[in-house]
Structures are given as structure tokens and as C-alpha cells.
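Student: Kindly generate the corresponding structure for this input.
(chains A and B)
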Amino acid sequence: MEKILNQEKLREWVDMLDDCEVYAPAFADSVWNYARIEAGTDIDLSHTNTIGSVKEFVFPQREVFFRFEKKDGVPVLTSTLPDPKPTVVFGVRPCDGRGMPRNDTVFNKEFEDPYYWARRNKLTLVGLACNQPHSPNCFCQSVGGSPHSEDGLDILMTDLGDRFHVKGITVKGVEAMERGRDAFDAVRDGDQTEVEKVHDTSRSFPQRPLDNLDAIPKAIRESFDSPLWADMAQHCIGCGICTFLCPTCHCFDINDEVISPTTGEGERVRTWDNCQFPDFTMHTSGHNPRADLGSRLRQRVSHKFLYFVENHNTQQCTGCGRCITECPVGIDIVAVLERVSQ
Amino acid sequence: MSDNLYLPKIGRIVGINEETQGARAIKTFKVEFPNDDGFEHDCGQCAMLSMFGKGESMISIASSPLVKEYKQFSIMKMGRVTSAFHAAKIGDFIGIRGPYGNQFPLHDWKGRDLVFIGGGVGLAPIWPVIQTAIARREDFGKITVFYGARTSNDIMYEDDFEKLKASAEVQLSVDAPEEGWPGYTGFVPANLMDKAPSPDNAIAITCGPPIMIKFVIQNLQALGFADEQIYTTIENKMKCGVGKCGRCNVGKDYVCVKGPVYSWAELKSLPQEY
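Tutor: Predicted structure coming up:
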């Protein structure tokens, strides 16, 4: 389904999604991030990219798996599987959209993660094509994506100045558009040509290049024992922001949080974790397979550009550039890959 | 409830055997499923055990799959969860989910000699293989079990070893000299070289501390064992058990799913990151 939506009708469409939770980028504290849109509030799609990625809608920073307590000395577990309202997220950049099928693979592979899918099945992603790169660190095209990729999105919107071209990609996406009814206009002669022109132009901007993407796995494999990793990780402070903001990083920890030591009541909680932390892999004995910064940088890069390729035939990186932009000490995954490939 | 892979089943401790004492004490726990929702497992698989309020730990299932009434776990006192196990009493409840991981391909080893080489608590993961092989004794050739501990007080499954001698050759060792010790004195890899089992039509299965495994494999190779004849089981820190939490990988493999059992032929192609 393809439609035209005048800029001033966007509000109207959003209001018709009144039985859904609607999120869109909002500018606050000097960054864009997703915020809940209440009925009647304005929606602003002039954002660059959000600081957090859409993975947070399916894989929150902290979630309770179940509560435990003791009744007559016997543990009683109460599952806290979420049952969310249908959720529609506007303004999703195509790099984040492409992250979602990768996350689906991880959380579905062999063992289906019920917490992820409870949210995922209720989520509709409304993408917004990038008419121009919003950061000098964008490299979506270098990892097989594009500024108007539909991969992982339910709807793709393209900004044509006074109006949006809106394309329903999935059944969920078409349903969300049908809810907007009269807000939409039919596509007219010339609209399609204009969309193509905008998309063509969007691809013509220079991006961070990755020469010979297909040769990268071999280059990484052959450099496993290279001193390059330690060298490139020397200034890493192990803060982990690269993985927390990444649209495809999915590592997590599971811990018990005790509410009452007397009754034994508590919660088992999943929280984001991070391959850049030393205790991520440290055995109880103190033995650590990835004991130094170099091996941990190697793991992050190898996971995205070697192991995921070996297991799933695609990179676990969509070129959003957040890990480069937000790294406090300037570690740059594109530069790392360049050096490893040399 | 059964669809939620993170929700453990309830287990009850019905037996505790103190294997060894001291700072790195080992206890063996027999666990039943009071709600009758137990699961079958294969040799080499693990289960994620919970002490509610403390957390979870991945532990090898040390009983044979042929034993249906209970599952057995030998746990060394090391951290928060394992210390809670060591403080537990018969009748206490635990959480248990699994089984996780692959298995020793015992069915492929019919007619072959089996050489087991264990060290310390590393005997536990290969114990179900030993027990299953003994239960199907006629399926296999000569069975030899090497096992070493720091001192004679650190030998686990001591009573079982006595029974084992009826159907297998048992070669015990302690690391340092002890008065009256009838077995070998020295490290496990040295005892292996001393007895020099034949690689002809044999499979070697080893588990123990990483340093022991390393030298055992070197010595097996020196004895003429091919990479395909050597099996080991590796461990890494695990949280989910289902290949998602991201920490137990060795190269492209999540050990919790693709492992823990590897032939040396498979393992040597992976990065040395365990």
C-alpha cells in the first residue's frame, strides 16, 4: 500500500492510533530520543537519529522475568511476561529497522525468548528514510543497507518536503495505515518519480567506506593473535556505551534481586550487559577467557563482522554510527576494520 | 508455564554427599522433581540450577541418563550460588532449567576402548558417560578411568570407584607424595604417560582444570591418539543457557548450545578463548 500524507495530516493519523501506545523522536537534554506521544501532542520528524535504538522497545534495559517467594517453605514463582498494548514507533531510521531482523534471529534461534516476542509481536515500526546522512559517521551503505532500506520496517515514510510518501510494507504496517483512513491521499502522477529522486539523492552522499566487506571475516580470522587489538584498545575505558546504544547488541545479565531477606521474596531480573566489561566472561575461579581490553574489542568486532556472518550470513552491524559518535575516547569501528583489513 | 524458558522448574534436594572438604569442598546433590515435571538428558548436558535470591549457575548433570528417578550434581563451593548449595539441607528446594548443550556421542563408540581422564571436580561432566558405558558394558572394549586429585582426601566418588574396579581399570593419582598411598603420585598427564593406554580403536574423554586438559591432550597426541579420538568438555561463564546472553562464546559457537562437548578436531579449529 502506498499513500501520500500531507505534513499537517501526520497529527491526524497519529490521533487515530488512539488504542496504541505511540512513540516518536523528541528533542530533550540536547539529544533526540523516543518519547511517548499523547493524543493531541505534536509529532516532530525533523530528527537526526535517536540516541537510543529501537531495540529498547523489545529488549528493555531492565525487565523482571518472574517473582519468587516462599509459601509454606516451598518456592512459588510468578511469571511477569509482559502483555503490552500495541505500540507504534514513528521516525525509525532504516539502520535501526535493519537491526530488528537481526535481533529477531538472536531471540528466536533454537530457543524462543518469550519476553522479547511478547513485545515484538505488538510492535509496528514506522520508518523514515534519511534524505541525507544525519551524521558524519553513517555507513549504512557500506554494510549492505541504504538510507531508504525497508528491511525490518512495517512502514517506510519518505519526506517530500510538504508531504510524506508512505509505503506499507508488512500486514501490520498496512493495518496501521488503514487506521489513518482519511488522513491519507492517493499517490498522484509524479509522486513516485519524486520519491525515486529523493532516494537516489540520499544514496549519493559520501559515507564512511568499508572496502571489500566480503573479505572482512577472513581478515578478522587471520588477525586473531595480532597485537593490533591491544594497540587499538589501549585507550578504551570499558564504559560499554558502544554496545548499549547499538541497535543489534543483545548481551544481557540475569540476577536475583531480593526484596525481603526475611520472607525470601524477590525478583529474577534481566539487565543489559556488555562484552567490554572484564567480569562479563570471568569465571568464579578468576580465570577469564577475555581478560584484557584488546580481547574484548576483538570480541565486539568479531561478533559483528565474523561470528554473526559465519552463523547467519550477514553482519550484525547496520552502520548507524552510534558507537563511533558516542565513544568517549574515539574508538571507531570503521577505522578498526580498516586496520585489521590492511 | 512450560513455554517460558527462563522460568525454572522446582527441584528438591533428596540427598547430599560430602565428597571432599576444605576451601574447595565438593558436595554431590541428588535432586528430584516434586511436581513430576522432570526432563530427560543426554551424557554431557548441563542444567541451570537456581538458589532463589542468590542466582543461577550452570552445572553438569553428573548422573547417567539411565537414572530416571533423580538427577545428580557435583558442585564445588566457589561463589554465591555454589556456596548457597553447600549450605543447603536435604528437603530444600532449588530451581532447575534445562537440559542444555550437546552430548558425548557414546552411541558412535560401540566396540571401542574408552579411556577416561578426569581431574578434580572435572570428573563430574564425564561421570555420566562412565556410568552409562558401564551399564552397557558389553557394547565397549576395555574401559580405563584415570582420575587425579590434589590429595587422597580430595578424591570424589570414592565409594563408586571401588565398584567401578569390577568392570573397568581404575588409575588414581594424587599430586603430592602421601604415606601409604597405593596409587600413582604426580599429575594426571604424567600418570597417563606412565600407563600409556593404546590408541588403537580407542576414544579418550577428558575433563578437568584447563591446564590439565591442555597437557592431557598433548600427551594423548604423543601416545598416537588422533584429533578425532579425543573428546573434552569445556566451560565458560553462562547466564542464559540458550545462546543469547552473549558471554560463553568461543568464536562463533555459544558453548551452552553448541558445546560443551567437543572433539579436539572440532575444538582446535575454534579460537583459543576458553
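
Student: make it CA atoms for all contacts and neighbour counts henceforth
Tutor: OK.

Student: list the contacts for the nearest residue to A:Gly264 once chain neighbours are set aside?
Tutor: Nearest residue to A:Gly264 in three dimensions, chain neighbours excluded: A:Glu69, at 5.7 Å (C-alpha to C-alpha, 6 or more residues apart in numbering or on different chains). By C-alpha atoms under 8 Å, 6 or more residues apart in numbering or on different chains, A:Glu69 lies in contact with A:Pro75, A:Val76, A:Leu77, A:Thr263, A:Gly264, A:Glu265, A:Gly266.

Student: and if we set it to 10 Å?
Tutor: A:75-78, A:258-260, A:263-267, B:52-53 (C-alpha atoms under 10 Å, 6 or more residues apart in numbering or on different chains).

Student: Kindly report the same for B:Ile155.
Tutor: B:19-20, B:26, B:119-121, B:123, B:147-149, B:161, B:172-174.

Student: Can you give me the pLDDT of it?
Tutor: Looking at B:Ile155, its pLDDT is 94.

Student: Tell me if the longest strand anywhere in chain B is near chain A.
Tutor: Counting by DSSP state E, the longest strand found in chain B is strand B:9-20. Yes. Contact between strand B:9-20 and chain A, assessed by C-alpha under 10 Å from any C-alpha of the partner chain, occurs at B:Lys9, B:Ile10, B:Gly11, B:Arg12.

Student: Name the member of the contacts of A:Glu69 with the most neighbours.
Tutor: B:Phe52 (27 neighbours; other C-alpha atoms under 10 Å in any protein chain shown).

Student: how does chain B divide into domains?
Tutor: Split into domains by automatic domain parsing, chain B comes to B:9-100, B:106-233.

Student: Can you add neighbour count and distance to A:Arg93 and give the residues of strand B:9-20 next to chain A back as JSON lines?
Tutor: Shown next, in JSON lines, are the residues of strand B:9-20 next to chain A (neighbours: other C-alpha atoms under 10 Å in any protein chain shown; distance: C-alpha to C-alpha, whole Å):
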{"residue": "B:Lys9", "neighbour count": "23", "distance to A:Arg93": "41"}
{"residue": "B:Ile10", "neighbour count": "24", "distance to A:Arg93": "44"}
{"residue": "B:Gly11", "neighbour count": "27", "distance to A:Arg93": "47"}
{"residue": "B:Arg12", "neighbour count": "22", "distance to A:Arg93": "50"}
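
Student: The residue nearest to A:Gly264 should be in a strand, yeah?
Tutor: Yes. Counting by DSSP: H, G, I helix; E, B strand; the rest coil, A:Glu69 falls inside a strand.

Student: ok, what's across the strand from it?
Tutor: Per DSSP bridges, the residues bridged to A:Glu69 are A:Val76.

Student: For B:Phe33, see how far away it is.
Tutor: Counting by C-alpha to C-alpha, to the nearest Å, the gap from A:Glu69 to B:Phe33 is 18 Å.

Student: now A:Ile333
Tutor: From A:Ile333 to B:Phe33 the distance is 49 Å (C-alpha to C-alpha).

Student: between those two, who's got more neighbours?
Tutor: B:Phe33 (21 against 17).

Student: and the more buried one, what does it touch?
Tutor: B:9-14, B:39, B:69-71, B:93-96.

Student: Leaving aside the residues adjacent along the chain, what's closest to residue 16?
Tutor: Assuming you mean chain A. A:Gly180 (5.9 Å).

Student: I was thinking of chain B, sorry if that wasn't clear
Tutor: B:Phe29 (4.7 Å).

Student: wouldn't the one you found be in contact with B:Ala87 here?
Tutor: No. Applying C-alpha atoms under 10 Å, one finds B:Phe29 not in contact with B:Ala87, separated by 11.8 Å.

Student: Looking only at neighbour counts, state which of the two leads.
Tutor: B:Phe29 (25 against 9).

Student: pLDDT averaged over the one helix or strand that one maps to - what is it?
Tutor: If you go by DSSP states H and E, B:Phe29 is part of strand B:26-32. Averaging pLDDT along strand B:26-32 gives 97.

Student: Give the pairing partners of the following helix or strand past that strand; include direction for each.
Tutor: Sequence-wise, the next helix or strand downstream of strand B:26-32 (DSSP H and E) is strand B:46-51. Neighbouring strands of strand B:46-51 in its sheet, by DSSP bridges, are strand B:55-60 (antiparallel), strand B:93-100 (antiparallel).
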